[in-house]
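[1] Attaching a predicted model along with its sequence, questions to come.
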Amino acid sequence: MAAARLYQRKWVLIKLPIAVLALSAMVLLWHYWLPMPPSQVRFTAGRADGIYYAYALQYAQKFAERGVTLEVLESEGAVQNLHRLRSPGDDGAELGFMQGGVGYLGANAGEAGGARLQTLANTDIEPLWIFTRLKEFDSLQQLQGLRVSLGPMGSGTRLVALKLLEQVRLAPGDLQATDIAGMAAVEALRQGTLDVAIMVLAPESTVVNAMLLTPGIHVAQLRRSAAITERLPYLEPHLLAQGTLDPAGMQPPQDVTLLTTVASLVAREDLHPALKRLATQVASELHAGGGLFHRPGDFPSLRHADFPASPEARRTLVHGLPWLEEQLPFWWAQLLTRLLVICLPVALLAFWLAHMIPAYLRWLVESRVARWYGELKYIEFDLSREGISGMDLAKALDRLNSIERRMAAFATPSYLMPRWFTLRHHIDFVRLRLQGLRGR
C-alpha cells in the first residue's frame, strides 16, 4: 500500500521535501516579492553652490544615520535631474529635486520616455528672480537686444526662461543670451557685462544674497504677471514684502511681486518602497519649517504635484512610518518585517503540512487494518449462523485467504506490528474453526 510506504519513510519522502519547499518559497518570496532595499542610492541635486545641493547633503547625513549610503550628484539643474531620473543604469539616479513645471516642460525638451517618476513631497517655494542693472525694467519685451543670462543648459531656469520669452514672442536669437549662472552671473552684472540674469533659486541661496548685496543690482517686478500665470499654471505670484530678505530690513527696498514655482522631491517609480518612505520621512524632518512664502507645516505636501504622488509617500505624510520602522533601526525593521510577513507564515504552513500529511497517512494505514478486523468479524458472524452450507464455508475460506494476501503485501509500520500479529492469530483461529465446521 502506497500510503503505508510513504508513512514509513515520512521523514525522507514527506517532511524533508516540505522543508526544502518551504525554504525555497521563503527565498523566492524574499528575493522577488519583498526584496530588501538597496544599501546605496543616488541623489541628483543641483549646483554645488545652491541651496538644494546643501539640502541633499543633509539628506545624505540622515540616510547615513539609518545605514543607507546616499551618493549626492551635482547637476546643472532640474532638466538634468529629470534626465538622470529617467535614465537606467549607472548614468541615472533614484532620487532628486525637481523644479515645478519641468515635469511636462521636460517632455517637450526631449526628455519623454524612460523610467516613470513619482512625487514624494513638495518641499519649498522657489521664486523666479529677475536681477537687472537697468532701473526701468518691468516688462519681458524689454529683454530684446539685451545681454541676458537664461541659466545653464540642463537647468529648469533655462526651460522656464524660454517659456517666458515665448509669452512675448521672443526667441533666444532676439537677445544676447548667455548661460552663465551662479556667482559668475553676479560678477558679470557687477562689472556691467550682463544686463539681466533670470534664475530660479531659493531665497536662502548664496547667489541671491550676493545679488541683493551688490550695489546697482535690483529685483525687477514684471507688469501683467497675472496673465503669465494664466498661461503657465505652474507659476504663482507671491508678494515679497519690503525688508524681509536681510536682518537690517533693507532688502528689498520696496514690496515686490515675484513669480514662484514649487520645488519637489521626486523618485523613480521602481525605487524600493522602504526607501521612498525613508526619503519622505527625512523630507518631513528637513522641510517642515516656515519659509519666506509659506508657514511652518505647509511643507512637505503633495498638492499640485507635477508627477503622480507616490502611495508610500502619501501614507507616510498622513500616518507616519509603519510601526516597526518607527520603533527599530531601519535595517532591523526591514529584516523583521520579512521574517514576520514571509518566513513565519511559510514556516507555520510547512509545520502544519508536515504534521497533517503524516497524520492523514497514519489514518489511512490504521483504517486499512481496522477494515480487515471488520471483515474478519463478519466472517465469524456468518460462521455462527445455523444451517451454514458448504458453499458458504468455501466463500468464507476465500475471504480469509484474500485478507491474508492483502496483509502479506501490506508494508506494516513498526508501531502497527502488534496489531498485525494479533490479526494473524485471529485469522488462524477463524480458519481452525472453519476447518472444524467443514469436517463435520
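    Structure's in. What do you need? Numbers count the residues shown, from 1 in each chain.

[2] need the contact list for the residue nearest the centre of the chain.
    Closest to where the C-alpha atoms of the chain average out (C-alpha atoms, centre = their mean) is residue 273, at 1.8 Å. Contact partners of residue 273, counting by C-beta atoms under 8 Å, 6 or more residues apart in numbering, are residue 312. C-beta: built from backbone N, CA, C; applies to glycine.

[3] List the buried residues of stretch 270-290.
    271-272, 274-284, 286-287 (16 or more other C-beta atoms under 10 Å).

[4] I meant to write stretch 49-62 there.
    Neighbour count says stretch 49-62 has 49, 50, 51, 52, 53, 54, 55, 56, 59, 60, 62 buried, by 16+ other C-beta under 10 Å.

[5] One more: stretch 2-16?
    In stretch 2-16, counting by 16+ other C-beta under 10 Å, buried: 3, 4, 6, 7, 8, 10, 14, 15.

[6] Show me where the stretch 101-250 of the chain has its strands.
    With strands called from DSSP state E, counting those that start in this stretch, the stretch 101-250 of the chain shows them at 117-132, 147-149, 176-178, 196-200, 218-219, 236-240.

[7] residues making contact with the fifth one?
    Strand 218-219 is contacted from outside by 129, 130, 131, 132, 135, 211, 212, 240, 252, 253, 256, 258, using C-beta under 8 Å, 6+ apart.

[8] residues touching the closest residue to residue 297 other than its chain neighbours, list them.
    Nearest non-adjacent residue to residue 297, counting by C-beta to C-beta, 6 or more residues apart in numbering: residue 288, 6.5 Å away. Taking C-beta under 8 Å, 6+ apart, we find residue 288 in contact with 296, 297, 299, 300.

[9] And stretch 129-142, how far out from the chain middle?
    45 Å (C-alpha atoms, centre = their mean, to the nearest Å).

[10] ditto for stretch 230-240
    33 Å.

[11] Show me which positions of it end up buried.
    For stretch 230-240, burial by neighbour count (16+ other C-beta under 10 Å) applies to 232, 234, 235, 236, 240.

[12] I'd guess residue 350 is in a helix, am I close?
    Yes. Counting by DSSP: H, G, I helix; E, B strand; the rest coil, residue 350 is found in a helix.

[13] That one reaches residue 17, doesn't it?
    No. The criterion here is C-beta atoms under 8 Å, and residue 350 misses it with residue 17 at 10.2 Å.

[14] So these two - more neighbours on which side?
    Each of residue 350 and residue 17 had its neighbours counted (other C-beta atoms under 10 Å), and the higher figure belongs to residue 350 (19 against 12).

[15] Please report the distance of the more buried one from residue 16.
    Using C-beta to C-beta, to the nearest Å, we find residue 350 at a distance of 11 Å from residue 16.

[16] Pick the one among the contacts of residue 288 closest to residue 139.
    Residue 139 lies nearest to residue 299 out of the contacts of residue 288, by C-beta to C-beta, at 32.1 Å.

[17] The spatially closest residue to that closest one that is not a sequence neighbour: what's it in contact with?
    Using C-beta to C-beta, 6+ apart and skipping residues adjacent in sequence, the residue nearest residue 299 is residue 287, 4.8 Å away. Shown in contact with residue 287 (C-beta under 8 Å, 6+ apart): 121, 123, 124, 299, 300.

[18] now swap in residue 85 and tell me
    44, 92-96, 98, 114-115, 117, 266-268.

[19] State the distance from residue 27 to residue 212.
    60 Å.

[20] So for those two, which sits in the more crowded spot?
    Between residue 27 and residue 212, residue 212 has the larger neighbour count (other C-beta under 10 Å), namely 19 against 11.

[21] Quick check: pLDDT value at that one.
    For residue 212, the model assigns a pLDDT of 85.

[22] Please apply the same query to residue 106.
    55.

[23] for residue 32, same thing?
    93.

[24] Please apply the same query to residue 190.
    91.

[25] just the one 10 residues further on next, same as before
    Residue 200 carries a pLDDT score of 89 in this model.

[26] Any buried residues in stretch 394-408, and which?
    396, 397, 399, 400, 403, 404, 407.

[27] what does stretch 242-257 give?
    So for stretch 242-257, counting by 16+ other C-beta under 10 Å, buried means 245, 251, 252, 256.

[28] Would you agree the last one is in contact with residue 222?
    If I follow you right, that is residue 256. No. Contact criterion C-beta under 8 Å: residue 256 and residue 222 do not qualify, at 9.8 Å.
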